[in-house]
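> here is my input, please return the structure:
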Amino acid sequence: MTILARKHNILHRLPVVWLLLLMAAASAVAQNVVRQGETSRLRVEQMPGDTYTWDLYRDSTVNFAVAPGDCPPTDAYFPNGNTGATVDVTWLEPGIYFFRVLAVDAAGCTNNLEVGRMQVLEALPTATPSLDPNEICVKDPSVLTITLTGTPLWGFTLEATDEDGTNVKDYTDIDNAQNPYEIMVSPPKTTVYRVTKVWDKWGTQLSPSETVTLTVHPLPDLSPIYLKE
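Next up is the predicted model:
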């Protein structure tokens with residue numbers, strides 16, 4: 001995801017304090033939204049001769065013109081450094097953040113300041129299936145375990161596919177005490193399982209999980225038993 005700070009315009013050469021006043025009057029702070037754990041790209045238009053430095057803030061009451069960034073790296077950080085017209089930010093904790101970019105011209109003078117606002121939402125939930133054992137004989141059981149991340153209550157949609165087709169079933173109202181969630185399975189044929197959807201308090205994950213395969217071996221054919229004379 002790329003977030004553009006406001007482009008340089010006729011305000012580009014105005015003093016920083018005057019620029020801040022204009023920004024406050026116009027309520028011009030950009031609003032952006034990402035998910036916890038995501039990395040987004042922040043960008044300004046490159047002006048000839050200018051260099052750029054970025055800072056991150058959690059406190060919205062500071063004077064962005066003079067205060068250094070106060071965001072701890074455990075909340076959000078620049079994985080590739082905080083200089084340049086384009087930077088990446090990895091957001092680790094939910095909440096409201098502010099980002100600032102300072103432009104310095106070839107003469108070493110600060111000539112512009114731009115500020116944006118970022119809302120970081122809770123990460124979407126995930127579901128990871130596993131089998132124990134992953135090979136059985138017909139009529140023997142296996143335990144399909146679904147390990148969930150996120151905030152309860154959870155629900156998920158389980159898909160089971162064999163050579164005859166696909167069956168889908170929803171599991172709902174799963175609390176912390178039930179995570180990981182165990183399902184006893186005993187299919188008559190080799191079956192592939194995956195979670196196609198998982199949801200929690202904060203949202204719904206529509207990206208399917210990895211698949212796991214339960215191999216089912218048929219019983220051997222019966223053969224007569226002879227007593228040796």
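> switch to C-alpha atoms for all contacts and neighbour counts from now on
OK.
> tell me the domain ranges of the protein?
Using automatic domain parsing, the domains assigned to the chain come out as 2-121, 126-217.
> which of these has the lowest mean pLDDT?
Within those, confidence is poorest for domain 2-121, with a mean of 79 (mean pLDDT).
> which helices and strands does the longest strand seen in the chain pack with?
Longest strand of the chain, by residue count under DSSP state E: strand 110-121. With contacts defined as 3 or more CA pairs under 8 Å, 6 or more residues apart in numbering; DSSP states H and E, strand 110-121 has these neighbours: helix 16-26, strand 30-35, strand 95-104.
> pull out the buried residues from the last one.
The one in question is strand 95-104. Across strand 95-104, burial judged by 16 or more other CA atoms under 10 Å covers 96-104.
> farthest-apart pair in those residues, please.
Pairwise distances across these (CA to CA) peak at 27.0 Å, for the pair I96 and V104.
> give me the contacts around stretch 78-92.
For stretch 78-92, contacts defined as CA atoms under 8 Å, 6 or more residues apart in numbering pick out 35-46, 51-55, 74-77, 120.
> pull out the buried residues from these.
Buried members of the contacts of stretch 78-92, scored by 16+ other CA under 10 Å, are 35-37, 39-40, 42-44, 51-55, 75-77, 120.
> rewinding a little: ok, so of the buried residues of strand 95-104, who is nearest D175?
Among these, and counting by CA to CA, the member closest to D175 is I96, at 27.9 Å.
> my guess is the closest one meets Q119, correct?
Yes: judged on CA atoms under 8 Å, I96 makes contact with Q119 at a distance of 4.7 Å.
> returning to that earlier point: among the contacts of stretch 78-92, which lie within strands?
Using DSSP E, those in strands are 35, 39-43, 51-55, 76-77, 120.
> now render the residues you listed as a markdown table, adding distance to D162.
Formatted as a markdown table, the ones in strands among the contacts of stretch 78-92 follow (distance: CA to CA, whole Å):
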| residue | distance to D162 |
| --- | --- |
| R35 | 35 |
| T39 | 38 |
| S40 | 40 |
| R41 | 43 |
| L42 | 46 |
| R43 | 48 |
| T51 | 59 |
| Y52 | 57 |
| T53 | 56 |
| W54 | 53 |
| D55 | 53 |
| A76 | 44 |
| Y77 | 45 |
| V120 | 40 |
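> among these, which pair sits farthest apart?
The largest separation in the ones in strands among the contacts of stretch 78-92, counting by CA to CA, is between R35 and T51 at 29.1 Å.
> ok, R35 - contacts?
91, 94, 120-124.
> find the nearest non-adjacent residue to it, please.
Nearest non-adjacent residue to R35, counting by CA to CA, 6 or more residues apart in numbering: L121, 4.8 Å away.
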